[in-house]
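Visitor: Sequence and predicted structure are below.
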Amino acid sequence: MDHVVIMKKEWGLLPKILSGVKKVESRWYKFKTAPWNKVKKGDILYFKDSGGQVTVKAKVTDVHQYFIESDRHALEIMQKYAKLDLGVTDIPIPIKNYIKNKKFAIFVFFTDVKKTNPININKTGFGLQSAWLCVKNIESIKKIALL
């Protein structure tokens, strides 16, 4: 399965993925939603910044899913992965605020990071706010360039 992972551009995470500083992508939710129980070892991740094109590709090596019991539990889990996820040991305030009141966390480990030729995708049918798209093959959502 292929996954399009849409990143918050203002967090500047794509360069960290390309440099090898960021080795895991985390997602935090109030409800079980993609990629919960949908991303598996061997799947391919295609990363893009919000509003941009897909420019980075990686292979999933492991997935850890958590039920979050409290905000304190969320911080404990994030601290465990902060270096691999954010490239830092101290969790920034915007991240602390983002993980508050979440009930589910997913950590997707990846390797074989490669820069790709830019790919435009069509999110029709996934919802405007979707930040993780699960598809059988990325070819199915590529926008065709008109000449």
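Guide: Looks like it arrived, so ask away.
Visitor: now stretch 28-42: mean pLDDT?
Guide: Average pLDDT, stretch 28-42: 96.
Visitor: Can you get me the start-to-end distance on that stretch?
Guide: 22 Å (CA to CA, to the nearest Å).
Visitor: start at 47 instead
Guide: Understood, numbering begins at 47; the last thing we discussed is stretch 74-88.
Visitor: Which phi and psi values does residue 174 adopt?
Guide: In terms of degrees, to the nearest 10, the main-chain angles of residue 174 are phi -60, psi -30.
Visitor: cool, residue 187 as well?
Guide: phi -120, psi 10.
Visitor: which ones are touching it?
Guide: 50, 167, 168, 169, 179, 181 (CB atoms under 8 Å, 6 or more residues apart in numbering). Using the backbone N, CA and C atoms, a C-beta is placed for each residue, glycine as well.
Visitor: how about 6 Å then?
Guide: Residue 187 makes contacts with 167, 168, 181, as judged by CB atoms under 6 Å, 6 or more residues apart in numbering.
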